[in-house]
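S.K.: heads up, no residue letters with this:
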């Protein structure tokens, strides 16, 4: 998928049950190919009830394209309601949805061939992930994070006009 890896942020929902008991990993990468650009890999793995470790061998990975990275920032900062990254993977059967749940945080759904995992971010985690993703967007656009946030806000204003 990629050859250049960077910073990483891991979160665990090990106090949940069932499909919501997951580990979530965000990692800076550079997309492969002639149109290489800074982006993020998002990995989710289940944590079996009663287990202490995530089942990383059952992980699902998705790499955000340049437009999905921008949408992800907008949702994390409450500017958009949701973003979807569909038809990923070699079989085009992976999907990722990020949902803005207002002040309570964000929900993340990761599907692979119809099987779904969910991770809930509380407000503090949402801000941590938001800062991490926003920094990567700033790297991709080669500008400051404050300029990126200003552009995202302007984009939303244009859509509503």
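M.R.: Perfect, I can see it now. All values derive from a computational prediction rather than experimental measurement.
S.K.: hmm, which helix or strand of this protein has the shakiest average pLDDT?
M.R.: Each helix and strand of the chain was given a mean pLDDT (mean pLDDT, DSSP states H and E); the minimum falls on strand 82-88 at a mean of 87.
S.K.: Now do the same contact list for the closest residue to residue 93 other than its chain neighbours.
M.R.: Spatially, and ignoring its direct neighbours in sequence, residue 93 is nearest to residue 113 (4.8 Å; C-beta to C-beta, 6 or more residues apart in numbering). Every residue, glycine included, has its C-beta placed from N, CA and C. Residue 113 makes contacts with 91, 93, 94, as judged by C-beta atoms under 8 Å, 6 or more residues apart in numbering.
S.K.: Out of those, the closest to residue 102 would be?
M.R.: Using C-beta to C-beta, residue 94 is the member of these that lies nearest residue 102, at 27.1 Å.
S.K.: Quick check: the closest one touching residue 60?
M.R.: Yes - here residue 94 reaches residue 60: they are 6.4 Å apart, a contact under C-beta atoms under 8 Å.
S.K.: list residues touching both of the two?
M.R.: The contact lists of residue 94 and residue 60 share 110, 112, where a contact means C-beta under 8 Å, 6+ apart.
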